[in-house]
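Colleague: need coordinates for the following:
(chains A and B)
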Amino acid sequence: EPEVTQTPSHQVTQMGQEVILRCVPISNHLYFYWYRQILGQKVEFLVSFYNNEISEKSEIFDDQFSVERPDGSNFTLKIRSTKLEDSAMYFCASFNRGQKNTEAFFGQGTRLTVV
Amino acid sequence: AQKITQTQPGMFVQEKEAVTLDCTYDTSDPSYGLFWYKQPSSGEMIFLIYQGSYDQQNATEGRYSLNFQKARKSANLVISASQLGDSAMYFCAMRGGYQKVTFGTGTKLQVIP
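Modeller: Numbers count the residues shown, from 1 in each chain, chains lettered A, B, ... in the order given. The predicted structure is shown next:
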């Protein structure tokens, strides 16, 4: 069964450092998303990406965040200058049109710890 | 706009018993999908079951079934024969059309031996 792959599974970084979280979506999917879950809290939408551009973003997704699909397969989330409150689980998801056109596939997540 | 409501912050169930986790939703999209995910303490999001709004039958996946009542806008998860390994956080989620997935606040299930 196809799956979304995220790397690394866990990243520890110092406050103020840049981090890049990587995702390999399912190959024929067209819609890509990042979500965040602060420990013990709700899963929050960050950004959606379609046709090589951001289609929607939340209030959380400020200038410190950016997304890219640099090579047609990877989908990355960059945080330029991490803050303590960026510590969370980050999930990537990809969707597609098709027979079950509302199905959603999530990666296993990257746990980011900012110290 | 989409909205998912899970009214049970926590639930207990005896091992081998069945348990129902409640979920109601609201959307203006005629076509939508409903999902349940399990999140163990390790943090990963494990897909359990999916129900499309036009599916005629309720979805089932092993011990998981989704009690889909479209008129009432509810999509409850039923876990039969609970196991200790079922102890986890459970999230109901939905996606309307080509919109983002919206999650509920989750229900923490604890299975008691």
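Colleague: pairing partners for the lowest-mean-pLDDT helix or strand in chain A, with directions?
Modeller: Sorting the helices and strands of chain A by mean pLDDT, DSSP states H and E puts strand A:104-106 at the bottom, at a mean of 82. Strand pairing for strand A:104-106, determined by DSSP bridges: strand A:88-95 (antiparallel).
Colleague: export the strand it pairs with to CSV, keeping only CA atoms.
Modeller: Extracted in CSV, the C-alpha atoms of strand A:88-95 (Å, rounded to 0.1, in the frame of the first residue of the first chain):
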residue,chain,number,x,y,z
ALA,A,88,5.5,19.8,18.2
MET,A,89,4.8,16.8,16.0
TYR,A,90,4.6,17.8,12.4
PHE,A,91,2.6,15.7,10.0
CYS,A,92,2.7,15.8,6.2
ALA,A,93,-0.3,14.6,4.2
SER,A,94,-1.1,14.0,0.5
PHE,A,95,-4.4,13.6,-1.3
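Colleague: ok, and what's touching that strand?
Modeller: Applying C-beta atoms under 8 Å, 6 or more residues apart in numbering or on different chains, the set of residues contacting strand A:88-95 from outside is A:4, A:6, A:21, A:23, A:25-26, A:29-39, A:43, A:46, A:75, A:77, A:102-107, A:109-112, B:43, B:45, B:95, B:98, B:101. No exception for glycine: its C-beta is placed from N, CA and C like everyone else's.
Colleague: B:Tyr32 reaches B:Val101, doesn't it?
Modeller: No. Applying C-beta atoms under 8 Å, one finds B:Tyr32 not in contact with B:Val101, separated by 10.4 Å.
Colleague: does B:Gly85 belong to a helix, a strand or coil?
Modeller: Classification of B:Gly85 using DSSP: H, G, I helix; E, B strand; the rest coil returns helix.
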